[in-house]
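Asks: Could you work out the structure for the sequence below:
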Amino acid sequence: MVRPRGTSFAVLALALGLASCSQLPADGTTTDSPIFGGTADTTDNAVMALIHQMTASTSSACSGTTIATVGASGIFLTAGHCVVANDGMGHVTTPLKVAGPADVYIIPGPDWMTSVGQFQYYGVAQVAVHPQYDGAVDSPFDVALVRYQGALPSTPVIPALAPADDKLTTGSSITVVGFGKTQTDTMNSQRREVARVIQTIATNQFVYDQTDLKGACEGDSGGPALVTTPAGLRVAGVTSFGDPDCTMVGASVRVSPAAAFIQSFIDSVPKTVSCDDCTLASVGPGNACVDASAACGPQTSVCAQFAACAGGCQTGACVTQCRQSFPAGATAYDKVVNCQCDACAGPCSSSMGCIGHMPATGSAGAPGGTGAGGSGAGGTSVVVTGVGGSVGVAGSSAGGGAGAGGAGGTTAGVTAASGGKSGCGCDLGSPSGPRSGVGALFALALVATRARRRHRR
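Replies: Okay, the predicted model is just below:
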């Protein structure tokens with residue numbers, strides 16, 4: 001049997017940002033098995049973790065690499081099976097169901113658990129799998145691309161290996177990098193690397209030996225196989241699958257044959273930055289409003305208490321009461337909103353959520369404004385932030401005063417009469433439909449502990 005190299009986990013303790021968005025119930029299932037050696041990787045910062053929240057109770061952890069940036073957009077290469085639905089036992093379900101951007105998070109740093117605990121993450125605007133990927137465990141097209149928001153000129157990048165530079169052959173040296181399990185820690189969240197040699201190679205894949213108990217395993221899916229070229233370090237492969245015990249072989253999909261898919265995705269990045277993308281980028285690591293947003297992240301924060309209260313409101317009067325009950329929390333929430341509106345003054349100039357920057361109340365009807373991320377001109381990112389309108393943004397409409405706040409990173413077009421969404425993607429007014437946006441300020445679970453489960457095929 002073979003199995004994909006992703007890792008599923010469930011949260012035992014968490015602190016989702018506002019209200020109860022995306023909370024993951026406890027699950028104590030664990031399995032111990034011998035995993036492979038390697039060393040800590042503290043230098044390849046373009047390699048980051050990917051979290052795919054599949055259901056209310058299950059998420060999967062994978063790896064991947066930023067291969068390019070376009071303005072404030074980071075282009076992240078990973079495995080196809082990391083961003084599609086599965087049956088809960090690691091088997092990709094068909095027909096394929098690609099993850100919505102709001103259910104995917106990119107986590108920077110050499111230890112993704114530490115970063116999540118600090119509410120450091122990138123929201124996602126777009127997800128795409130290779131058009132020929134069919135979900136088969138040994139698919140030679142098991143690659144996907146994710147566009148996250150918040151990239152900066154200083155964002156680390158390791159480019160994809162171009163077809164003209166692909167000199168891979170049997171015996172070529174590669175370095176496999178990822179956040180998967182180790183032989184001593186089944187709950188590893190640190191980035192590690194191990195040197196391998198290609199054993200066999202085909203047009204779209206290559207295989208390396210792991211009988212020395214070193215190589216990729218669960219959690220390493222999507223991570224890179226790096227090669228050194230005259231032009232520098234390049235991503236030559238994407239970790240895809242291997243034997244169930246991680247003691248025989250590891251397999252990667254070659255990147256160069258996917259060059260057309262990759263370039264098409266990069267070319268599709270919007271030339272004009274939306275308010276949503278701008279606010280989403282603004283709360284990314286190193287951006288303008290990340291500190292304010294992180295302060296609102298823990299469930300115990302006054303900001304989260306206010307949002308949890310407002311999240312159950314159906315009327316403006318209810319939101320007003322929440323403001324009176326949690327004045328410090330409302331102030332902290334508004335601080336994030338104001339930061340975003342300042343950072344995204346251009347893209348969000350017509351957003352109800354940013355008009356006046358002053359909270360007010362009113363009957364449900366008008367949508368809250370949406371936040372937006374940043375962009376760059378001439379390759380320079382605009383540093384911006386995340387949540388859309390504050391709860392009950394000042395202003396009025398034909399339907400009455402502004403409803404509960406704008407969406408921090410939800411898709412543009414939260415409709416009137418819906419009340420909009422909060423920065424965590426939870427409704428602060430009447431339901432506005434399923435969460436379908438590009439992510440939200442507080443939507444990432446703080447995974448304090450979690451149980452990993454091995455999934456085999």
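
Asks: gap between S268 and A292?
Replies: 31 Å (C-beta to C-beta, to the nearest Å). For the C-beta atoms, the positions are set from N, CA and C on the backbone; glycine is no exception.

Asks: Out of the two, name the residue with the larger neighbour count.
Replies: A292 (24 against 12; other C-beta atoms under 10 Å).

Asks: and D212, how many residues sit next to it?
Replies: 11.

Asks: What of A202?
Replies: For A202, the count of nearby residues is 10 (other C-beta under 10 Å).

Asks: Identify the residues contacting it.
Replies: Taking C-beta atoms under 8 Å, 6 or more residues apart in numbering, we find A202 in contact with P140.

Asks: What distance do you get for it to A251?
Replies: 10 Å.

Asks: Look up the pLDDT of E193 for me, please.
Replies: For E193, the model assigns a pLDDT of 95.

Asks: Which helix runs longest in the chain?
Replies: Scanning the chain for the helix with the most residues, using DSSP state H, yields helix 327-343.

Asks: average model confidence for that helix?
Replies: Across helix 327-343, pLDDT averages out at 92.

Asks: For it, name the packing helices and strands.
Replies: In terms of contacts (3 or more C-beta pairs under 8 Å, 6 or more residues apart in numbering; DSSP states H and E), helix 327-343 is packed against helix 275-282, helix 290-295, helix 302-311.

Asks: so where is this structure shaky, pLDDT-wise?
Replies: Judged by pLDDT under 70, the chain has its weakly predicted residues at 1-36, 356-457.

Asks: about what we covered before: can you say which of the helices and strands packed on helix 327-343 is packed in most?
Replies: Among those, helix 275-282 has the highest mean neighbour count (mean count of other C-beta atoms under 10 Å), at a mean of 36.

Asks: For that one, name the packing helices and strands.
Replies: Using 3+ C-beta pairs under 8 Å, 6+ apart: helix 275-282 touches strand 122-129, strand 144-149, helix 327-343.

Asks: With just CA atoms, put the longest one into PDB.
Replies: Provided in PDB are the C-alpha atoms of helix 327-343 (Å, rounded to 0.1, in the frame of the first residue of the first chain):
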ATOM      1  CA  PRO A 327     -16.300  48.700  25.600                       C
ATOM      2  CA  ALA A 328     -12.600  47.800  25.700                       C
ATOM      3  CA  GLY A 329     -13.300  45.000  23.300                       C
ATOM      4  CA  ALA A 330     -15.200  47.200  20.900                       C
ATOM      5  CA  THR A 331     -12.300  49.700  21.000                       C
ATOM      6  CA  ALA A 332      -9.800  47.000  20.200                       C
ATOM      7  CA  TYR A 333     -11.900  45.700  17.400                       C
ATOM      8  CA  ASP A 334     -12.300  49.200  15.900                       C
ATOM      9  CA  LYS A 335      -8.600  49.700  16.200                       C
ATOM     10  CA  VAL A 336      -8.000  46.900  13.700                       C
ATOM     11  CA  VAL A 337     -10.700  48.200  11.400                       C
ATOM     12  CA  ASN A 338      -9.400  51.700  11.400                       C
ATOM     13  CA  CYS A 339      -5.900  50.400  10.800                       C
ATOM     14  CA  GLN A 340      -7.200  48.500   7.800                       C
ATOM     15  CA  CYS A 341      -9.100  51.400   6.400                       C
ATOM     16  CA  ASP A 342      -6.100  53.600   6.700                       C
ATOM     17  CA  ALA A 343      -3.800  51.100   5.000                       C
END
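
Asks: Can you list the buried residues in that helix?
Replies: 329-330, 332-343 (16 or more other C-beta atoms under 10 Å).

Asks: Which of those sits closest to T315?
Replies: Checking the buried residues of helix 327-343 against T315 by C-beta to C-beta gives A330 as the nearest, at 16.3 Å.

Asks: I'd like the distance between the residue nearest to that closest one when sequence neighbours are not counted and V157.
Replies: The spatial neighbour of A330 that comes closest, neighbours along the chain excluded (C-beta to C-beta, 6 or more residues apart in numbering), is R323 at 4.4 Å. As judged by C-beta to C-beta, R323 and V157 stand 43 Å apart.

Asks: follow-up on the earlier one: can you list the helices and strands packed on helix 327-343 in TSV and add distance to M352?
Replies: As requested, the helices and strands packed on helix 327-343 are exported to TSV (distance: least, C-beta to C-beta, whole Å):
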stretch	distance to M352
helix 275-282	11
helix 290-295	20
helix 302-311	17
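
Asks: closest one to G180 among these?
Replies: Comparing these by C-beta to C-beta, helix 290-295 comes nearest, at 27.1 Å.

Asks: in the stretch 1-150 of the chain, which spans are strands?
Replies: 3-4, 7-13, 39-40, 47-53, 59-70, 73-78, 104-107, 122-129, 144-149 (DSSP state E, counting those that start in this stretch).

Asks: Looking at those, which one is packed in the most?
Replies: strand 144-149 (a mean of 30).

Asks: packing partners for that one?
Replies: strand 73-78, strand 104-107, strand 122-129, helix 259-267, helix 275-282.

Asks: Output the ones you listed as a markdown table; include the columns distance to D245.
Replies: Formatted as a markdown table, the helices and strands packed on strand 144-149 follow (distance: least, C-beta to C-beta, whole Å):
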| stretch | distance to D245 |
| --- | --- |
| strand 73-78 | 24 |
| strand 104-107 | 27 |
| strand 122-129 | 27 |
| helix 259-267 | 32 |
| helix 275-282 | 40 |
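
Asks: right, and those - which one's nearest P244?
Replies: Closest approach to P244 among the helices and strands packed on strand 144-149 (C-beta to C-beta): strand 73-78, 21.6 Å.

Asks: Neighbouring strands of that closest one in the sheet, and parallel or not?
Replies: Paired strands of strand 73-78, with direction, are strand 59-70 (antiparallel), strand 144-149 (antiparallel) (DSSP bridges).

Asks: So which of those strands is nearest I106?
Replies: Nearest to I106, of the strands paired with strand 73-78 and by C-beta to C-beta, is strand 144-149 at 4.6 Å.

Asks: buried stuff in the following helix or strand past that closest one?
Replies: Where DSSP states H and E defines the elements, the next helix or strand beyond strand 144-149 is strand 173-178. For strand 173-178, burial by neighbour count (16+ other C-beta under 10 Å) applies to I174, T175, V176, V177, G178.
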